[in-house]
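Student: build me a structure from this.
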Amino acid sequence: MDLAELNTLLRKAETNLESTLYLNECHLTFLPPEIGQIQTLMWLYLSDNELKELPHEFKYLSKLTWLHLENNHFQHVPSILTALPNLTVLNLAGNRISELPDFIGELCRLYRLDLRENQLTALPECIGQLGSLQWLDLCDNQITRLPESVGNLKSLTELDLRHNCLTALPSSMIRWEHLSELYLGHNQLTQIPPEIGSLVNLTELDLSHNCLQSLPIELVNLTRLTRLDLTGNDLSFMPMEVRIKLNYCEIPAIAEAMLPFSPI
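Tutor: Coordinates of the predicted model:
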């Protein structure tokens with residue numbers, strides 16, 4: 001899409017008081033300032049372009065609630081996002097972001113945040129300020145540790161941390177009382193902390209392809225668990241109570257011989 005076509009489309013959207021605008025796969029390298037004139041926008045889709053930044057005029061999109069920026073060329077989270085008071089869904093997957101800024105904590109109305117397939121190695125402490133967050137996707141990064149402040153994400157129902165470099169989990173995870181799906185596959189975890197037993201609403205737990213040799217007995221507290229993935233570990237110790245619990249779960253590709261249990 002050339003600039004003339006884009007400006008025509010933006011003027012039409014402004015005139016028609018559009019609430020949704022799709023600009024996916026338009027080969028955009030920048031957004032013209034005219035984007036800020038469509039102040040009725042609530043949903044904006046800009047995925048699969050070549051964007052590196054957002055214009056200053058973006059701040060006038062005060063009604064914007066959904067913003068899709070996945071598969072672009074962003075190296076940083078645009079600071080102009082803090083000027084969007086109603087932003088609840090932000091998708092920055094598939095970019096080149098290596099660090100989250102401190103102002104990410106100001107996006108306090110977010111309930112869905114997608115940062116998969118970036119270059120993150122850590123999360124800032126301010127991530128814990130996103131108290132409304134229900135869905136967080138961080139898979140396919142290089143995150144080595146989680147700050148204790150992630151325990152403040154008490155509204156989380158789904159957390160995806162697959163394909164990172166985690167070696168341990170924070171004890172503050174005990175506060176994820178609403179979490180129903182936790183994906184930790186393809187990390188470097190050597191043990192699962194006993195706090196896992198406090199996540200009583202878990203229905204799915206992915207621990208596949210880690211470095212686990214044992215499982216904590218606290219897993220028996222997960223009475224709602226229906227799916228547990230343990231593939232790709234080297235389990236050599238398992239409390240009998242946990243073994244009994246596993247009989248009620250779907251366990252992908254796990255042979256009986258791989259699930260020994262300890263004697264009473």
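Student: and the residue nearest the centre of the chain, what is it in contact with?
Tutor: Of all residues in the chain, the one closest to the mean position by C-alpha atoms, centre = their mean is residue 137, 1.6 Å from it. By C-beta atoms under 8 Å, 6 or more residues apart in numbering, the residues touching residue 137 are 93, 113, 114, 115, 116, 160. Heads up, the C-betas are built off the backbone N, CA and C, glycines and all.
Student: so how far is residue 156 from it?
Tutor: Separation of residue 137 from residue 156 (C-beta to C-beta, to the nearest Å): 11 Å.
Student: of the contacts of residue 137, closest to residue 85?
Tutor: Comparing those against residue 85 with C-beta to C-beta places residue 113 closest, at 16.5 Å.
Student: I'd say that closest one and residue 135 touch.
Tutor: Yes - between residue 113 and residue 135 there is a contact at 7.2 Å, judged by C-beta atoms under 8 Å.
Student: that older thread, now tabulate the contacts of residue 137 in CSV and tack on neighbour count and pLDDT.
Tutor: What follows is the contacts of residue 137, written out as CSV (neighbours: other C-beta atoms under 10 Å; pLDDT from 0 to 100):
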residue, neighbour count, pLDDT
93, 22, 98
113, 21, 98
114, 21, 98
115, 26, 98
116, 21, 98
160, 21, 98
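Student: longest helix in the chain, please.
Tutor: helix 3-15 (DSSP state H).
Student: show me which residues of it are buried.
Tutor: The neighbour-count criterion (16 or more other C-beta atoms under 10 Å) identifies 6, 9, 10, 13, 14 as the buried residues of helix 3-15.
Student: the last one and residue 21, how far apart?
Tutor: Translated: residue 14. Distance of residue 14 to residue 21, computed by C-beta to C-beta: 10 Å.
Student: shared neighbours of the two, anything?
Tutor: Joint contacts of residue 14 and residue 21 (C-beta under 8 Å, 6+ apart) are residue 38.
Student: coming back round to it: mind checking which of the contacts of residue 137 are in strands?
Tutor: Mapping those onto strands (DSSP state E) picks out 113, 114, 160.
Student: what residue ranges in this structure score low on pLDDT?
Tutor: 245, 247-264 (pLDDT under 70).
Student: the helices in it, which residues?
Tutor: Going by DSSP H, the chain shows helices at 3-15, 240-246.
Student: so which of these comes closest to residue 172?
Tutor: For the helices of the chain, proximity to residue 172 was assessed by C-beta to C-beta; helix 240-246 is nearest, at 23.3 Å.
Student: centre of the chain to that closest one, how far?
Tutor: Distance, stretch centre to chain centre, for helix 240-246: 30 Å (C-alpha atoms, centre = their mean, to the nearest Å).
Student: cool, stretch 52-61 as well?
Tutor: Put simply, stretch 52-61 sits 24 Å off its chain's centre (C-alpha atoms, centre = their mean).
Student: straight-line length of that stretch, end to end?
Tutor: 19 Å (C-alpha to C-alpha, to the nearest Å).
Student: what's the local residue count around the nearest residue to residue 77 once chain neighbours are set aside?
Tutor: Spatially, and ignoring its direct neighbours in sequence, residue 77 is nearest to residue 101 (5.6 Å; C-beta to C-beta, 6 or more residues apart in numbering). By the criterion of other C-beta atoms under 10 Å, residue 101 has 16 neighbours.
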